[in-house]
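Sequence first, then the predicted structure, then my questions.
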Amino acid sequence: MYLQIKGNYIVTKYYLDNASGSIYDYWKEMGAPKKITEDIYQVLKSKERMNMKIEEILIENELTVKEIVSPNGAIFLDIRKIENFYK
């Protein structure tokens with residue numbers, strides 16, 4: 001992805017794939033129980049958190065993002081301009 005932007009930014013990357021945030025894969029790992037009890041539900045709910053990486057960067061002309069997306073995976077980018085980068 002290529003963007004022409006300038007300034008101070010926080011780039012947050014959220015990763016969703018078989019190893020991060022996929023409760024379906026975890027459900028299969030636990031034996032794919034047909035009946036979901038409250039305990040099982042709470043464990044599955046705790047696995048829905050995606051991995052996240054945060055970078056604070058100064059962009060002078062453009063931002064190029066290179067990421068490898070795993071099969072059946074997704075990456076969400078949240079790019080936010082910040083005014084007082086060093087404060």
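Ah, there it is.

where along the protein do the strands fall?
Ranges of strands in the chain, per DSSP state E, are 2-3, 7-16, 51-59, 63-64, 74-82.

Glu38: which of those strands is closest?
Glu38 sits nearest to strand 7-16 of all the strands of the chain, at 25.1 Å, using Cβ to Cβ. Where you see a C-beta, it was placed from the backbone N, CA and C, and this is true even at glycine.

which helices and strands sit right next to the closest one?
When contacts are defined as 3 or more Cβ pairs under 8 Å, 6 or more residues apart in numbering; DSSP states H and E, strand 7-16 sits against strand 51-59, strand 74-82.

Next, the buried residues of the last one.
So that's strand 74-82. The neighbour-count check on strand 74-82 (16 or more other Cβ atoms under 10 Å) flags 75, 79 as buried.

Give me the residues contacting it.
By Cβ atoms under 8 Å, 6 or more residues apart in numbering, the residues outside strand 74-82 that reach it are 1, 3, 5, 7-17, 50, 56, 63, 65, 67, 69.

looking at the protein, which residue lies furthest from center?
Lys35 (29.4 Å; Cα atoms, centre = their mean).

Can you tell me how far that residue is from Tyr41?
Lys35 sits 11 Å away from Tyr41, taking Cβ to Cβ, to the nearest Å as the criterion.

Over to Lys34?
Distance from Lys34 to Tyr41, by Cβ to Cβ: 13 Å.
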